[in-house]
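Q: Generate coordinates for the sequence data below:
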Amino acid sequence: MTQTIIKNGLLIDGTGAEPTKGQIVVVSGKRIDYVGDEAGYSATGDEITIDAQGGTIVPGFIDTHVHMMMEYSPVAERLATPFSFMYYQAAEYLKTTLHAGVTSVRDALGTDLGVKKAVEEGLISGPRMQLSINALTTTGGHGDGYTVSGNTVDLLASEYPGMPNGMCDGVEEVRKKTREMLRAGAEVIKVHATGGVLSATDHPEFTQFSLEELKVIVEEGKFRKNTRVMAHAQGAEGIKNAVRAGIHSIEHGIFIDDEAIELMIENGTYLVPTLLAPVAVLETADATGMPASAIEKSKEVIDHHVESFTKAYKAGVKIAMGTDAGVFKHGTNLRELELMCNAGMTPMDAIVASTKTAAECLGWEENVGTIEAGKLADIVIVKGNPIEDIKSLANHDTIQVVMKDGKIEKDIR
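A: Below you'll find the model as predicted:
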């Protein structure tokens, strides 16, 4: 088995430990074989050597909230696009994401099992994926494409083979829809516990699903080898309902209050902040034909979003990096780290949130998230030191080498 030695770089291993110099990483096949001083490893001379050229060696980044089957575009463009075209677009989105240094993602709705299979079997390149298939939503809630004209315009085709429709109301409908998502291959259940920015007929503070309905979703997940539940939850009451129901992660968390923070800490609930989402909505509004309602709601929530993140971070809530990529362009994921730092997080904590903590959120911590012997060789080499310039990670030229499962996916040194 060919071995690869990565050397001559500052090592940030993802655990939160201080960066170290003079360390090497040895990869055998798909896994990391050795991490430590070069003097502690006996090379045979047959190894392939990757010279980090004084840059920084970091774990592959993990985005815990993406939509790989879409990028927001004007309604007229979506209506004029053939159904199957989205799969070819997704192949490009996946490759772009991987080349941006993101080696694992949790898809928060819209990607079916066939896309994951295509990546796993090497038909297309992309990050490893954890799928939710489609989100559960209430009639008239976030995810219901009904518009005030009476027509329905969904961001994605809402129902086709392998993609059950997620609309459900009442405990028994919710139970059945959860089972349908699991049957279709969901590895995590996604639920819309509140309204949202992009939906036309609700507001981020509107509460969706009763506590009893949310508990049923969690219950059904536990029946399937403890499958976790992620909740789009922006308003305070919806957040608290989700946490009380036993939901594993809160997505967005725009209007978190003190009680919600206490509940999240008590229950070990993760926050996936997606600070980039409303920023990107405003930046791309004209080019993407973003509806006026989404623009106004983004302006309304953007400061609350940052305040909630800062409060949760300072209180000690577990934070896993997530972006909502797909609402905006894929491959811009690592802008999220700068936004988290602007809101008070340290650069090292931002890197840990995007590696170790994100892996824990996905339940993948035994295999990814840190550079340690025995783990999968998901490794990124970047120019410079991201602790000193976290913003640089958003530049694709900064991402010099991307290795996933021990295979070089990008090398622009």
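Q: what about the stretch 101-250 of the chain, any weak spots by pLDDT?
A: For the stretch 101-250 of the chain, residues meeting the criterion pLDDT under 70 lie at 151, 155, 157.
Q: Residues contacting stretch 205-220, please?
A: For stretch 205-220, the external contacting residues (C-beta atoms under 8 Å, 6 or more residues apart in numbering) are 136-138, 141-142, 170-171, 174-175, 178-179, 182, 189, 191-195, 202, 229, 231, 234-238, 241-242, 244-247, 255. C-betas here are computed from N, CA, C, even on glycine.
Q: Now a ChimeraX select for only the buried ones of those.
A: Paste this into ChimeraX to select the buried members of the contacts of stretch 205-220, with burial taken from 16 or more other C-beta atoms under 10 Å:
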select :136,137,138,141,142,174,175,178,182,189,191,192,193,194,195,202,229,231,234,235,236,237,238,241,242,245,246,247,255
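Q: Report the buried residues of the helix or strand that contains E212.
A: Here E212 sits within helix 211-223, counting by DSSP states H and E. Under the neighbour-count criterion of 16+ other C-beta under 10 Å, helix 211-223 has E213, L214, K215, V216, I217, V218, E220, G221 buried.
Q: One more: stretch 64-80?
A: Residues T64, H65, V66, H67, M68, M69, M70, E71, Y72, S73, R78 are the ones in stretch 64-80 that count as buried (16+ other C-beta under 10 Å).
Q: and those, which of them are in helices?
A: R78 (DSSP state H).
Q: Sketch out the strands for the stretch 301-413 of the chain, chain order is fine.
A: Taking DSSP state E, counting those that start in this stretch, the strands of the stretch 301-413 of the chain run over residues 318-319, 379-382, 399-404, 407-411.
Q: Distance to S392 and mean neighbour count added to the ones you listed, as a markdown table?
A: Below are these laid out as a markdown table (distance: least, C-beta to C-beta, whole Å; neighbours: other C-beta atoms under 10 Å):
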| stretch | distance to S392 | mean neighbour count |
| --- | --- | --- |
| strand 318-319 | 21 | 21 |
| strand 379-382 | 7 | 27 |
| strand 399-404 | 10 | 24 |
| strand 407-411 | 16 | 16 |
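Q: The ones you listed: which one's closest to L334?
A: L334 sits nearest to strand 399-404 of all these, at 8.1 Å, using C-beta to C-beta.
Q: Tell me which strands that closest one pairs with, and in which orientation.
A: Strand 399-404 pairs in its sheet with strand 379-382 (antiparallel), strand 407-411 (antiparallel), by DSSP bridges.
Q: Show me the contact partners of it.
A: 27, 50, 52-53, 55, 60, 98-101, 103, 127-128, 377-383, 393, 408-413.
Q: what's the distance between it and the middle of its chain?
A: 18 Å (C-alpha atoms, centre = their mean, to the nearest Å).
Q: Stretch 49-58 now?
A: Worked out by C-alpha atoms, centre = their mean, stretch 49-58 lies 26 Å from the chain centre.
Q: would you list the strands paired with strand 399-404 in TSV and tack on mean pLDDT and distance to F206?
A: Formatted as TSV, the strands paired with strand 399-404 follow (pLDDT from 0 to 100; distance: least, C-beta to C-beta, whole Å):
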stretch	mean pLDDT	distance to F206
strand 379-382	98	39
strand 407-411	98	41
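Q: Let's have these in a markdown table, adding distance to G289.
A: Listed next are these as a markdown table, based on distance: least, C-beta to C-beta, whole Å:
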| stretch | distance to G289 |
| --- | --- |
| strand 379-382 | 34 |
| strand 407-411 | 32 |
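Q: Can you say which of those is nearest to S84?
A: strand 407-411 (25.5 Å).
Q: Relative to the whole chain's centre, how far out is the closest one?
A: 21 Å.
Q: can you list contacts of that strand?
A: Outside strand 407-411, the residues within contact range by C-beta under 8 Å, 6+ apart are K30, I50, L98, H99, S125, I399, Q400, V401, V402, M403.
Q: do stretch 14-23 as well
A: 10-13, 35-38, 56-59, 348-349, 351-352, 355-356, 369-372, 385, 387.
Q: These in helices, which ones?
A: Per DSSP H, these map to helices at M348, D349, I351, V352, K356.
Q: which one of these sits closest to P278?
A: D349 (21.8 Å).
Q: Name all residues that make contact with that closest one.
A: Contacts of D349 by C-beta under 8 Å, 6+ apart are G16, Y313, M340.
Q: ok, so of the residues you listed, who is nearest V301?
A: Closest approach between those and V301, by C-beta to C-beta: M340, at 16.8 Å.
Q: The nearest residue to that closest one once chain neighbours are set aside: how many residues sit nearby?
A: Among residues not flanking M340 along the chain, A350 sits closest, at 4.8 Å (C-beta to C-beta, 6 or more residues apart in numbering). Neighbouring residues of A350 were enumerated by other C-beta atoms under 10 Å; the total is 25.
Q: Might one say that A350 is in contact with I390?
A: Yes - between A350 and I390 a contact is recorded at 6.1 Å, counting by C-beta atoms under 8 Å.
Q: Next, show the common contact partners of those two.
A: In contact with both A350 and I390: L337, C341, using C-beta under 8 Å, 6+ apart.
Q: contacting residues for E173?
A: Applying C-beta under 8 Å, 6+ apart, no residues contact E173.
Q: what helix or strand is it on?
A: helix 171-183.
Q: roughly how far out does that helix sit from the chain middle?
A: How far helix 171-183 lies from its chain's middle: 24 Å, per C-alpha atoms, centre = their mean.
Q: can you check stretch 29-46 too?
A: Here the centre of stretch 29-46 is set off from its chain's centre by 31 Å, with C-alpha atoms, centre = their mean.
Q: could I have that stretch exported to PDB, CA atoms only?
A: Provided in PDB are the C-alpha atoms of stretch 29-46 (Å, rounded to 0.1, in the frame of the first residue of the first chain):
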ATOM      1  CA  GLY A  29      -4.600   4.100   1.900                       C
ATOM      2  CA  LYS A  30      -7.700   6.000   3.100                       C
ATOM      3  CA  ARG A  31      -6.500   6.500   6.700                       C
ATOM      4  CA  ILE A  32      -4.000   8.500   8.700                       C
ATOM      5  CA  ASP A  33      -1.200   6.200   9.900                       C
ATOM      6  CA  TYR A  34       1.000   8.600  11.900                       C
ATOM      7  CA  VAL A  35       1.000  12.200  13.200                       C
ATOM      8  CA  GLY A  36       4.000  13.500  15.000                       C
ATOM      9  CA  ASP A  37       7.600  14.500  14.800                       C
ATOM     10  CA  GLU A  38       9.400  13.500  11.600                       C
ATOM     11  CA  ALA A  39      12.100  11.900  13.700                       C
ATOM     12  CA  GLY A  40       9.600   9.500  15.200                       C
ATOM     13  CA  TYR A  41       8.700   7.900  11.800                       C
ATOM     14  CA  SER A  42      10.900   5.500   9.900                       C
ATOM     15  CA  ALA A  43      10.500   6.300   6.200                       C
ATOM     16  CA  THR A  44      11.200   3.500   3.700                       C
ATOM     17  CA  GLY A  45      11.900   5.900   0.900                       C
ATOM     18  CA  ASP A  46       9.000   4.600  -1.200                       C
END
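Q: Since that was my last question, I'll sign off now.
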